[in-house]
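>>> Task: produce atomic coordinates for the following.
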Amino acid sequence: MTVYSYEAVSNMGKMVRSTYEANSQAEVLEMLRKKKLYPVKVEEGLSKTIKVPFAFQQIKTKDIAFFCRQVSALLNAGVPIADTLQIISRQIANKSLRKAVLEVSEEVQTGISFSEAMKKQEVFPDLLIYMVASGEVSGTLNSVMQRMADDYEKEYAMHKKISGAMVYPILIVIVAVFAVVFIVTSVLPRFVDMFAGAGVELPPVTKALINLSAFLQQSWLYLLIALAALVYGCFWFKRTPQGRLAVDIAKLSLPVLGGVNQKIVMARFTRTFSSLLKSGVPLIQAIEYVAAVVGNKFIGDKILAIREEIAKGSNLTDTVRKSNVFDPVVVYMLKIGEDSGKLDEVMESTAKIYDQEVEVAVQSLTSIIEPLMIILMAAVVGVIVFSIITPMFDIAKTVGG
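Purely as a prediction, here's the structure:
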């Protein structure tokens, strides 16, 4: 089989560009004839259109949520999927997503399924593509898109709360660092000559700050280079499988923050698991897709191991309990869901519980971090002031004596 790229014109005069896998060019032409498309150009090989990877297109969760919500609303109104995508493309603010939706619309008009067209764009989440495919098969695409819109909106709201909670502490840390560097490099050197001329014995803290001041003034360029290399190294390490695993384990092990991260992962697991089951996705496949979207490689690997055990005939609840990474509440609710035969509904209820717990945990974290940052900043400034004021008192005593 060979992939052919083609350009054709529809009965409405619209230009259609796409690809088709066939044994020969004649087979491509026959496919176009059946779809009442008039070929303009058919070439062997993929088109030269370059697609930008998802990581660089900055398509946010809220954009995906808006897309899903609009598709659901128009499908419920009886608008055909191709027209739905054309209408939505005019309302999307994100240029990358707008372009992708337009190309999906063109693909759908040639007879390609909605999910297959989405897969070609490389900007839509794998979970969404799979859910769309499931909705197409079951004839419930509108309800699937509505459910996915709800899930992505909740995910975005959770992310926004966490990001908002961390803004203030990060700003305090940045201000504290710049304040200390300014005092040590610009203010403290003005007192050094005075301290040296007075002939008083300097406290250890003052000596340490003077040495730090001299080091920063002489080696600031090397420090910047080292800092840039460290940041680059951290980002590079995090992108490796080993680094991703180490970082995700650390996220779950941190004091206070580890508990919040655990709740976030549990919320994603229960919410996504519920959506997949409600859409009629088989249990084994649902677990596989959940593993990819929980946002933690350590727990994701554990979920894949659970999938392997279930495929061998093990019980879901017992296997989850043995993994030792899920909260007792989740294990208990899984047991209730299995026994009642309403696993999707029970997981949805559990997801709501965890969404509320995440919100409370983030608020509590903010109330703890903010005063701690203020105390830390006050302590640092206090040490600097003490290191300057103490020698000045000693100088005053010497002059007075």
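>>> Pull out the CA atoms of stretch 296-309 and give them to me as CSV.
Extracted in CSV, the C-alpha atoms of stretch 296-309 (Å, rounded to 0.1, in the frame of the first residue of the first chain):
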residue,chain,number,x,y,z
ASN,A,296,2.0,11.3,36.8
LYS,A,297,4.3,8.7,35.2
PHE,A,298,4.8,6.7,38.4
ILE,A,299,1.1,6.2,38.9
GLY,A,300,0.5,5.8,35.2
ASP,A,301,3.0,2.9,35.1
LYS,A,302,1.2,1.3,38.1
ILE,A,303,-2.1,1.6,36.2
LEU,A,304,-0.7,-0.1,33.2
ALA,A,305,0.5,-2.9,35.5
ILE,A,306,-3.0,-3.1,36.8
ARG,A,307,-4.3,-3.4,33.3
GLU,A,308,-2.0,-6.4,32.6
GLU,A,309,-3.2,-8.1,35.8
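>>> Span of stretch 309-323 from start to end?
End-to-end distance for stretch 309-323: 11 Å, by CA to CA, to the nearest Å.
>>> what is the mean pLDDT for it?
Averaged across stretch 309-323, pLDDT comes to 89.
>>> Can you list the buried residues in it?
Within stretch 309-323, the residues that count as buried by 16 or more other CB atoms under 10 Å are 309, 310, 316, 317, 319, 320, 321. All C-beta spots, glycine's among them, are computed from the backbone N, C-alpha and C.
>>> for stretch 239-253, same thing?
Neighbour count says stretch 239-253 has 243, 244, 248, 251, 252 buried, by 16+ other CB under 10 Å.
>>> re the thing from before, which pair in the buried residues of stretch 309-323 has the greatest spatial separation?
Greatest spacing in the buried residues of stretch 309-323, by CB to CB: 310 and 321 (12.9 Å).
>>> So, low pLDDT: which residues of the protein?
Across the chain, the ranges flagged by pLDDT under 70 are 1-3, 9-18, 38-41, 44-58, 197-200, 398-401.
>>> Quick one: the strands in it, in order.
Using DSSP state E, the strands found in the chain span residues 2-9, 15-22, 38-44.
>>> Now do the contacts for the residue nearest to residue 91 when sequence neighbours are not counted.
Distances taken as CB to CB, 6 or more residues apart in numbering place residue 70 nearest to residue 91, at 6.7 Å, with adjacent residues excluded. When the contact criterion is CB atoms under 8 Å, 6 or more residues apart in numbering, the partners of residue 70 are 84, 87, 88, 91.
>>> And for residue 380?
176, 180.
>>> Could you report the distance from residue 64 to residue 127?
Separation of residue 64 from residue 127 (CB to CB, to the nearest Å) stands at 10 Å.
>>> So if I had to pick from these two, which one is more boxed in?
residue 64 (23 against 18; other CB atoms under 10 Å).
>>> out of everything not next to it in sequence, what's closest to that one?
residue 152 (5.1 Å).
>>> wait, doesn't that neighbour sit right on residue 60?
No: distance between residue 152 and residue 60: 9.7 Å, which falls outside the contact criterion (CB atoms under 8 Å).
>>> what about the two, which has more around it?
Legend: neighbour count by other CB under 10 Å for residue 152 and residue 60, higher for residue 152 (23 against 14).
>>> quick one, what contacts the more buried one?
For residue 152, the contact set (CB under 8 Å, 6+ apart) comprises 61, 62, 64, 65, 68.
>>> same thing but 6 Å
Counting by CB atoms under 6 Å, 6 or more residues apart in numbering, residue 152 touches 61, 64, 65.
>>> Let me know the closest of those residues to residue 331.
Scanning these for proximity to residue 331, where the rule is CB to CB, the winner is residue 61, at 28.2 Å.
>>> Spit out the contact partners of the closest one.
Neighbouring residues of residue 61 by CB under 6 Å, 6+ apart: 152, 155, 156.
>>> Which ones among the contacts of residue 152 map onto helices?
When the contacts of residue 152 are checked against helices (DSSP state H), the matches are 61, 64, 65.
>>> need the residues you listed in JSON lines with distance to residue 345, can you?
Conversion of the ones in helices among the contacts of residue 152 to JSON lines gives the following (distance: CB to CB, whole Å):
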{"residue": "61", "distance to residue 345": "25"}
{"residue": "64", "distance to residue 345": "25"}
{"residue": "65", "distance to residue 345": "23"}
